[in-house]
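*Asks:* return a 3D structure for these sequence lines:
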Amino acid sequence: MDRNTFSKSWKVLCWNVRGINSDKKWVSIRDKIIESNCDIVCLQETKKENFDLQFIKNFCPSQFDSFEYLPLVGASGGIITIWKSYLFNGHLVFSNDFSISELTSKHDDSTWLLTNIYAPCTHSGKPLFLHWLKDIQMPPEVNWLLAEDFNLIRKPADRNKPGGDLAEMLLFNEALIALGVVELPLHGQRFTWSNKQLSPLLERLDWFFSSLSWTNSFPG
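*Replies:* Residues are numbered from 1 along each chain as shown. Alright, predicted model coming up:
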């Protein structure tokens, strides 16, 4: 995802890493950060309780020196957002069991809100997440970006096999309509998740949405 203004641009890298406690995973993350030339990193499913800068240096170049995170819950979950402090000033706006948000500012004199989401994958957890999502009261003038792993599909075509919970799809779409957000198109692969079986189930669980104000402020 790029944000372009005249001669400057910045990028946000989002990735469900499915655990971040191995040397091999650190190398993969660092390689992707360098390859993407990103300025903000949003990671989901870190499966880690605590972070500090010393640990973050295992997988991030040294310019990434500011961060906010949520710890894992039980044996899974956990998210972190990391950014370059020389490009952005950030602070925690709110956090809960589902997401973490920072207001970043003073890059091309713009201010905006980023919400890094890792939604629950359990049948009981999804309605709680959707209720929270639908009830967010975001002022329409805020430049707002919602990113990553919602663990939900919007329509039956978002999976390669018949099935899916139609009630969950309806609730998900109702929440998005209530928020008034715009879906940012996904390029490349049609699906973003696999159960890795011999005959795999494939689904699109990763989504990116922005406020109308964002699309007007950052049309590029």
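*Asks:* could I get the average pLDDT for stretch 132-144?
*Replies:* Stretch 132-144 shows an average pLDDT of 93 in the prediction.
*Asks:* and that stretch, what's buried?
*Replies:* Neighbour-count burial for stretch 132-144, counted by 16 or more other Cβ atoms under 10 Å, picks out Leu133, Asn143, Trp144. Just so you know, the C-beta spots here come from the backbone N, C-alpha and C atoms, and that holds for glycine as well.
*Asks:* next one: stretch 42-50
*Replies:* For stretch 42-50, by 16+ other Cβ under 10 Å, it's Cys42, Leu43, Gln44, Glu45, Thr46, Lys47, Lys48.
*Asks:* the second one sits in which helix or strand?
*Replies:* With the criterion set as DSSP states H and E, the secondary-structure element containing Leu43 is strand 40-44.
*Asks:* so what are the sheet partners of that strand and their directions?
*Replies:* The pairing partners recorded for strand 40-44 under DSSP bridges are strand 8-16 (parallel), strand 79-84 (antiparallel).
*Asks:* what's it in contact with?
*Replies:* Applying Cβ atoms under 8 Å, 6 or more residues apart in numbering, the contact partners of strand 40-44 are 10-17, 20, 29, 33, 60, 64, 78-84, 88, 104, 114, 116-118, 147-149.
*Asks:* same thing but 7 Å
*Replies:* With Cβ atoms under 7 Å, 6 or more residues apart in numbering as the test, strand 40-44 has contacts from 12-17, 20, 33, 60, 64, 79-83, 116, 118, 147-149.
*Asks:* with that, I have no additional questions.
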